[in-house]
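K.L.:
below is the structure, and that's it, no one-letter string:
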DNA sequence: TTTCATACCTCGGACGCCGAGGTATCGATC
DNA sequence: GATCGATACCTCGGCGTCCGAGGTATGAAA
């Protein structure tokens, strides 16, 4: 289990990055993250929905209700231009921090996967 | 200014990594971090000391009072074996998350500095 | 009709940074 | 000898955040 603070730091960039690949909805996002991380990240919906609402409040994503083929109500989220910009910034911040950590860590070769 | 959550996520690994390079004390650690990050990280002592105390409470660092040449009281911290292990774990966690993010980000070459 | 998977939501506890505030000493300047 | 800035430590409280627990609703299958 990854530490909470680390998860907290990654929540926004991950969500924005997923939505940057195309619109999606809550339940699907949770599964995408689970698969993508080989189970290392298993977010509950109680984690996800507040984040989505916050992002929407900031104007970084926009949502629309639609129906699935199975006649289920789904709220689809997609990135706004502001969200695109925010993603780029989150990325830059992450790489900044990563660079700082690499300076401090005499990286063992087996961990040096870019 | 880097986001608070990202800073929060990096606080422990950075502190442990700095102390892994040799013992140090609060004020010096703040300056080391400032220099190391080219000013991107400017922690106040109100941030630092509680973290140090927590690490000590967990047995990851040990402290001893000593005098500087200028006759000032300083509390020197150094890593315990448990702290070494904790650092390795923090490192592993960070790289786990980094790998997940890289999967999501079609990395622009200019950001791909390992 | 019960169960399971899908699909959304909210609340409250717990945790952790960090600004603001406090104490104390040294060296230099006025 | 008084004031100032740098050094050096500390604590408290507000704020933001995850996330477990709780709630509602529908479709399909057993």
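P.N.:
It's in. From a predicted model like this one, the values you see are computed outputs, not experimental measurements.
K.L.:
which helix of chain A spans the most residues?
P.N.:
With DSSP state H setting the assignment, residue counts place helix A:81-104 as the longest helix in chain A.
K.L.:
that helix vs chain B: in contact?
P.N.:
Yes - residues of helix A:81-104 contacting chain B under CB under 8 Å from any CB of the partner chain: A:90-104. Bear in mind the C-beta positions are built from the backbone N, C-alpha and C, glycine included.
K.L.:
also stretch A:54-71?
P.N.:
No - between stretch A:54-71 and chain B, judged by CB under 8 Å from any CB, nothing touches; the nearest distance is 12.3 Å.
K.L.:
which parts of that stretch are buried?
P.N.:
Within stretch A:54-71, the residues that qualify as buried are A:55-56, A:60-63, counting by 16 or more other CB atoms under 10 Å in any protein chain shown.
K.L.:
residues contacting it, please?
P.N.:
Identification of contacts with stretch A:54-71 by CB atoms under 8 Å, 6 or more residues apart in numbering or on different chains yields A:12, A:15-16, A:19, A:52, A:73-80, A:82-83, A:86.
K.L.:
list the ones among the residues you listed that fall in helices.
P.N.:
Within those, residues falling in helices by DSSP H are A:12, A:15-16, A:19, A:52, A:82-83, A:86.
K.L.:
closest one of the residues you listed to chain B?
P.N.:
Taking CB to the nearest CB as the measure, chain B lies nearest residue A:12 of these, at 7.8 Å.
K.L.:
in chain A, what residue comes closest to DNA strand D?
P.N.:
Closest residue of chain A to DNA strand D, CB to the nearest atom of the strand: residue A:46 (2.4 Å).
K.L.:
which helix or which strand is home to that residue?
P.N.:
With the criterion set as DSSP states H and E, the secondary-structure element containing residue A:46 is helix A:45-57.
K.L.:
that helix close to DNA strand C?
P.N.:
Yes - residues of helix A:45-57 are located near DNA strand C by CB under 7 Å from any atom of the strand, namely A:45-46, A:49-50, A:52-53.
K.L.:
circling back to that earlier point, nearest to DNA strand C among the buried residues of stretch A:54-71?
P.N.:
Compare each of the buried residues of stretch A:54-71 with DNA strand C using CB to the nearest atom of the strand and the shortest gap goes to residue A:63, at 7.3 Å.
K.L.:
give me the element the closest one is part of.
P.N.:
strand A:61-67.
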